[in-house]
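S.K.: Sequence first, predicted model second:
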Number of protein chains: 2
Amino acid sequence: MSKPDRLKARLPRGFVDRGPAELAATGRMLDAIRRVYESYGFEALETPLVEYTDALGKFLPDQDRPNEGVFSFQDDDEQWLSLRYDLTAPLARHVAENFDALPKPYRSYRAGWVFRNEKPGPGRFRQFMQFDADTVGAGSVAADAEICMMAADTLEAVGIKRGDYVIKVNNRKVLDGVMEAIGLGGDENAGRRLTVLRALDKYDRLGSTGVRQLLGRGRTDESGDHTLGAGLTDDQANKLLMYVTAGTPLDTVQIDLLDISTDNDFIEHEVDGEKYAAVFESDRTIDFLRNLFDHEGYQSGLSELETIAGLSKACGYGTRRIRIDPSVVRGLEYYTGPVYEAELTFQVPNEQGQPVRYGSVGGGGRYDGLVGRFRGEVVPATGFSIGVSRLFAALQAIKSPIVTGAKPRPLVVVTAMDQDQVARYQRLLAELRSLKDEAGEPLLRAEMYLGAGKFGAQMKYADRRGAVCAIIQGSSERDAEGGPQVIVKDLIEGAAAAAAIKTNAEWKAARPAQFAVPEAEMAAKVREVLARHA
Amino acid sequence: MSKPDRLKARLPRGFVDRGPAELAATGRMLDAIRRVYESYGFEALETPLVEYTDALGKFLPDQDRPNEGVFSFQDDDEQWLSLRYDLTAPLARHVAENFDALPKPYRSYRAGWVFRNEKPGPGRFRQFMQFDADTVGAGSVAADAEICMMAADTLEAVGIKRGDYVIKVNNRKVLDGVMEAIGLGGDENAGRRLTVLRALDKYDRLGSTGVRQLLGRGRTDESGDHTLGAGLTDDQANKLLMYVTAGTPLDTVQIDLLDISTDNDFIEHEVDGEKYAAVFESDRTIDFLRNLFDHEGYQSGLSELETIAGLSKACGYGTRRIRIDPSVVRGLEYYTGPVYEAELTFQVPNEQGQPVRYGSVGGGGRYDGLVGRFRGEVVPATGFSIGVSRLFAALQAIKSPIVTGAKPRPLVVVTAMDQDQVARYQRLLAELRSLKDEAGEPLLRAEMYLGAGKFGAQMKYADRRGAVCAIIQGSSERDAEGGPQVIVKDLIEGAAAAAAIKTNAEWKAARPAQFAVPEAEMAAKVREVLARHA
């Protein structure tokens, strides 16, 4: 085949392959999440990867190719189909389509791939996995509180320590109320509202000074990039700053002054080697917010937050775990009530090597209108979505046992010394594969070398595959006096011994870490070698 | 919202949702398959659902919309992307892209969704799951034999009895040789070859008479539909019939005459209440085929089949499990050597209620050219693909414990009698969720009723959710003398008792199967109820 005729083997941009170690570790993480969700009575559901484009809320009648942000294609009956871009829209379709058959409230969880037709970048993929849990048909904020508590339990179940995460809660009604109260209500202010919300969302990173600039004339960052401001008056900006700072710690005290054993309403941090505790208290945050704006929706949103904070506290989830934070915005248009963000608070190095907070690994909120698009009546719903890759990367960063502990069963390679003895090797393999551990699970993986290489290539193959042990049977072993034998070679010890041996002749004389045993004793010898390296 | 504005909630044609029972059962089946594949040293791999269309071999330069059979869409750089339609083409791309980094031979397994842009029908979906295992870089038919043996082990691991399945093996070289030997070689006969292969493929169903018609002038079936024949001469057709019948049993004897305990080279079947055994012997099949055509490729293909049969037999896989069958065709163009078909031989009722053989649940073969499209050199490869839904349906039909045994953990519902006591109910829930079974796994799932319904609605909800047990705490229990109590209600026994009670008054007096206990004894009482219905 000439070179220009040859196809190029390449992944499409923004898509990745995943190998055995990552798959096994991710599988363990997903199992741990599933176990928590199921213990709360959430039920598994799986919807297809393809939906009608209009059911995803992405269809605009004046676009004949609705490809903005989603991958779409036309069916043979001219209807537009799309790859789902989240797991919420398909759930709304499923509930509406099966409304009478489902118990209400309906708790479900779903794990699956979603797709974004966007420019890929480092850590930004066009196919990625989400793991969602939703309660449909419960209008009470007790459902939101339950999801927040379950999110906290989930993060601990996958190995994130208490104090290393926080579920921050806000309310879309509160945010909408703030906007109206400062005179940014109405359709004509939609653009400015977006600029303001984006500014508030950056409070964590930029602090008061930066946010004030973004609310006013704009801000120029260290690299010289200028972001246009919302052009608010000083009075408007002041009010917003008072609003957004209500979620910061009310006190910062030296940690020795706190009774750590009973009080979990604080976040530990270190300044110049001294340990400090930032003390949060949702009740006081809400009291403070109460006095800021006299607006009906705003006040009713605060009452919902008060209920969520009260329920969480009563169930033992202090503000260290679940906390009211007025700076949480959450971008999605469809939220109608409480919104939540699961944030990891420990630090990791960024691309420049500076320590930064790990940040969000998931979030969600109440979306009472989404199912209603199909039914012509409000169907209350609330849910939470975990970014699986993002959480997985966090668990790798903190070396959570749930990902580091996913070791494959040990591998044994049977070498193929004589091609006409393959059937004999296969019988040895069958015996090895039938071995069980104490739990009755397969003890090992066993494979025969199937290539055309000679002994040296076969041993290299065994090393490359990470085999613990090799089984070798040439004619001298097969025809041994007293019946057929096999050589059981301990590859780990062998490698260590080989490193200490200087010459080939020396190696030939010593042949370290290999044992000739009768075929009938192969299993026992293999068990011994595996136990040595368990 | 007015009716015409309302979106219709519907699944796209050919796509399905799947609920908790099917997901749990499928998960167990996939785990069992995975365990076998891993014990053979196959490694997990996952590729994305989207590939460049040309990498799938689906791109024809004169088509600007390559949507034939696959779902395709154009990227913003004008390149065509497609949803994968199998797991083999993406593997070839992956191996070619990572050739130097992979051990060779490279054994991998992959489970995932594939898509077909075809007309959906009963049991024909446009998104379905395949579970593949492939060995790349091994040219020896020992690799094909290994895959056939692993396929047999897999079917037994998911609960299919020996004798209820067979792995049928043929060879594309043999089929190609036959075509050339009867004068149907060359590009100009491609169409007729296809007609002939389709006819041979129907030998199982139509027998000699039907196949002879299809090879000659054509065949009219019971419904009056006419299928055009290949127009072969009698001589050509006779040779093909001799060829294809070589795979039928060489003897059929009454089963009592066989030594079943040692001889597994037969298939059991019943005729008029008498048990018969159809005796197969791959050696004799091959001997018979040897004499039919004197064609080099044909004879070399037979030698490969002989090796596979010999290896299988030596490893204890008789013709009851792995059998040479010259009628196996396998449609895909890319096969270059041995091809295999995993067939379930037990009978199930068809749509008309007549008993029919369950048929194929998977297949595969050798495809030495597929990786080479990217590399400009032949890279030998062979693999096997399981149709997951089809195998799952078979396991449901035979009630395999692997699917029927996937019971969820028992569910306990805590009723919400007083909305202001939600925090208290949440504490009861937390206690219930913390209970473990002997293996240290969660004992149960526990949920609170989160809707707005009164007591009756809450009990109905618990029934609908399949709860085993309900926890009830109203003000009289909360304020009970001697400290707060809960009512633990056994819903299964309660339902049975309620059926026996005639009047509401009688029920109120008896209140069967419910026990008031102090809060501290709730866990013990719940354990007792769950144990009763375990």
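M.R.: Now that the structure is in, tell me what you want to look at.
S.K.: The residue lying closest to A:Phe374 once chain neighbours are set aside sits in which helix or strand?
M.R.: Of all residues not flanking A:Phe374 in the chain, A:Ala96 sits nearest, at 3.4 Å (CB to CB, 6 or more residues apart in numbering or on different chains). The C-beta positions use only the backbone N, C-alpha and C, and glycine is treated the same way. In this structure, A:Ala96 sits in helix A:88-97 according to DSSP states H and E.
S.K.: Give me the residues contacting that helix.
M.R.: A:45, A:47-48, A:51, A:55-57, A:84, A:102, A:106, A:108, A:110, A:132, A:134, A:136, A:334, A:367, A:370-371, A:373-375, A:379, A:381, A:383, A:385, B:9-11, B:17 (CB atoms under 8 Å, 6 or more residues apart in numbering or on different chains).
S.K.: dump the residue contacts of the residue nearest to A:Gly19 when sequence neighbours are not counted.
M.R.: In this structure, A:Gly19 finds its nearest non-sequential neighbour in B:Leu45, 6.3 Å apart by CB to CB, 6+ apart. Shown in contact with B:Leu45 (CB under 8 Å, 6+ apart): A:17-20, A:23, B:91, B:94, B:108-110.
S.K.: So which of these is the closest to B:Glu506?
M.R.: Looking at those and their distance to B:Glu506, the nearest is A:Leu23, at 58.7 Å (CB to CB).
S.K.: shouldn't that closest one be in contact with B:Ala44?
M.R.: Yes: assessed by CB atoms under 8 Å, A:Leu23 is found in contact with B:Ala44 at 4.5 Å.
S.K.: Which of these two has more residues huddled nearby?
M.R.: Comparing A:Leu23 with B:Ala44 by other CB atoms under 10 Å in any protein chain shown, the one with more neighbours is B:Ala44, at 20 against 16.
S.K.: quick one, phi/psi of that one?
M.R.: Here the main-chain torsion angles of B:Ala44 (degrees, to the nearest 10) amount to phi -70, psi 140.
S.K.: That one: what's it in contact with?
M.R.: Contacts of B:Ala44 by CB under 8 Å, 6+ apart are A:19-20, A:23-24, B:34, B:38, B:108-110.
S.K.: among these, which are in helices?
M.R.: Among the contacts of B:Ala44, the members falling in helices (DSSP state H) are A:20, A:23-24, B:34, B:38.
S.K.: helices or strands next to the host helix or strand of A:Val526 in the packing?
M.R.: Here A:Val526 sits within helix A:522-532, counting by DSSP H and E. Using 3 or more CB pairs under 8 Å, 6 or more residues apart in numbering or on different chains; DSSP states H and E, the elements in contact with helix A:522-532 are helix A:422-433, strand A:469-472, strand A:485-490, strand A:514-518.
S.K.: Let's have these in CSV, adding mean neighbour count, distance to A:Glu343 and mean pLDDT.
M.R.: Shown next, in CSV, are these (neighbours: other CB atoms under 10 Å in any protein chain shown; distance: least, CB to CB, whole Å; pLDDT from 0 to 100):
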stretch, mean neighbour count, distance to A:Glu343, mean pLDDT
helix A:422-433, 19, 46, 92
strand A:469-472, 26, 46, 96
strand A:485-490, 23, 47, 95
strand A:514-518, 16, 54, 93
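S.K.: for these, which one sits closest to chain B?
M.R.: helix A:422-433 (3.2 Å; CB to the nearest CB).
S.K.: Which parts of the stretch 301-450 of chain A are helices?
M.R.: Remark: helices assigned in the stretch 301-450 of chain A by DSSP state H, counting those that start in this stretch are A:372-375, A:388-397, A:401-404, A:422-433.
S.K.: Now do the contacts for A:Lys168.
M.R.: By CB under 8 Å, 6+ apart, the neighbours of A:Lys168 are A:247, A:323-325, A:327-328, A:340-341, A:343.
S.K.: Repeat the analysis, applying 6 Å as the threshold.
M.R.: A:323, A:325, A:328, A:341 (CB atoms under 6 Å, 6 or more residues apart in numbering or on different chains).
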